[in-house]
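> any chance you can model this:
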Amino acid sequence: MNSCWVAQLLGSTQVSDSAGIKRRRNAPTVIIIEHSTLARTTVVKLLERELAGWNFIDLISTESLDRALGAEVRLIALDLAGRGVESTSLRDDLAAIAARFPEIPITLLSSTDDAIIARQALKMGIRGFFSTSLPIDIALAGLRLVLAGGTFFPQLLGTAANGSNEHSPARSEAEKSLDERTQYLALADFTPREADVLAELQSGCSNKVIAGKLNLSGHTVKMHLQHIMRKLQAQNRTEVVARLIQRAAGGPDASPS
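Next up is the predicted model:
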């Protein structure tokens, strides 16, 4: 992760020594794997503020993954560190994660907005691609969207809208369809606040708890939930989560009877 995003993060939160902070039992957990100590601890500090009540485990590499065994892991963020998706070291990292947390969504942290790499990552089953050029509010909304069961690849929104050019390789119909699905799942589908509500809903929070965590009124939370249910053609909270996970897996939405 380069200094650009670190500077944004430092401008948004205060960094202090986190040593000695105890993990909350049975709390949902995010793992951040990043070699740079400054970038890693800054991201953790920001997330601690944004996702109150969650645990965060920061690791230098996947070699320390066993430290997280037994935790209620909901998401793993892995630094791409300039590697291509075909690199042996990245494949080894992903294999190490899959061996210990086979059902947990993985997102990649990148210093570039390479749409080709993002598209390859999506095909591999990666659930999000966060570059250092993203504004923090958009990155946080994307994180919540992934936690709620969606995918986040803003780099593909531009390529889907602009199409191929003389410098880009021709894409197959399957790739175009994949881009369209990603565009539907990402920012164009839910507002940042709706993504916030979705993440808390996925964690099983009641409307009252969601309102308290997001500093919203109960009426506003109910309004956001109504908008979300309409977009997903869902009848209740359980269906919302099920439909979103179904979309992320590439399955068709069931139409209401």
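
> okay, buried residues for the helix or strand harbouring residue 40 please.
Using DSSP states H and E, residue 40 sits in helix 37-50. For helix 37-50, the neighbour count (16 or more other C-beta atoms under 10 Å) marks 39-48, 50 as buried. Placement of C-beta: from N, CA and C, glycine included.

> show me which positions of the next helix or strand after it end up buried.
Using DSSP H and E, the helix or strand that follows helix 37-50 in sequence is strand 55-59. Neighbour counts over strand 55-59 (16+ other C-beta under 10 Å) mark 55-59 as buried.

> poorly predicted segments of this protein, please.
Counting by pLDDT under 70, the chain has low-confidence residues at 1-25, 157-189, 203, 244-257.

> all helices of it, in order?
With DSSP state H applied, the chain shows helices at 3-10, 37-50, 88-100, 115-123, 136-147, 154-162, 173-185, 192-202, 207-214, 218-232, 237-248, listed in chain order.

> packing partners of the third one?
This points to helix 88-100. Counting contacts by 3 or more C-beta pairs under 8 Å, 6 or more residues apart in numbering; DSSP states H and E, helix 88-100 is packed against strand 72-79.

> re earlier: tilt between the helix holding residue 40 and helix 192-202?
Computed with axes from the mean of the first three to the mean of the last three C-alpha atoms, to 10 degrees, the direction of helix 37-50 lies at 80 degrees from that of helix 192-202.

> what's helix 37-50 packed up against?
Packed against helix 37-50, as judged by 3+ C-beta pairs under 8 Å, 6+ apart, are the following elements: helix 3-10, strand 28-33, strand 55-59, helix 136-147.

> redo these as a markdown table? Include distance to residue 222.
A markdown table is the format used below for these (distance: least, C-beta to C-beta, whole Å):
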| stretch | distance to residue 222 |
| --- | --- |
| helix 3-10 | 33 |
| strand 28-33 | 23 |
| strand 55-59 | 29 |
| helix 136-147 | 18 |
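
> which one of those lies nearest to residue 125?
Each of the helices and strands packed on helix 37-50 has some distance to residue 125 by C-beta to C-beta; the shortest is helix 136-147, at 12.5 Å.

> now the closest one: buried residues?
Using 16+ other C-beta under 10 Å as the test for burial, helix 136-147 gives 138-147.

> do stretch 61-70 as well
By 16+ other C-beta under 10 Å, the buried positions in stretch 61-70 come out as 62, 65, 68.

> which one of these is nearest to residue 192?
Nearest to residue 192, judged by C-beta to C-beta, of these is residue 68 at 28.1 Å.

> what residues are up against the spatially closest residue to the closest one that is not a sequence neighbour?
Excluding the flanking residues, the one nearest residue 68 by C-beta to C-beta, 6 or more residues apart in numbering is residue 57, at 4.9 Å. By C-beta atoms under 8 Å, 6 or more residues apart in numbering, the residues touching residue 57 are 23, 29-32, 67-68, 71.

> please check the residues you listed and keep the buried ones.
29-32, 68, 71.

> max pairwise distance over those: which two?
Between all members of the buried ones among the contacts of residue 57, the farthest pair (by C-beta to C-beta) comes out as 32 and 71, at 12.9 Å.

> look up how far residue 208 lies from residue 217.
The spacing between residue 217 and residue 208, counted by C-beta to C-beta, to the nearest Å, is 11 Å.

> please apply the same query to residue 234.
Going from residue 234 to residue 208 by C-beta to C-beta gives 20 Å.

> again with residue 106
Distance of residue 106 to residue 208, given as C-beta to C-beta: 32 Å.

> more neighbours: the two, which one.
Using other C-beta atoms under 10 Å as the criterion, residue 106 and residue 208 rank with residue 106 on top: 22 against 10.

> may I have the beta-bridge partners of the more buried one?
Per DSSP bridges, residues listed as beta-bridge partners of residue 106: residue 76.

> no further questions, thank you.
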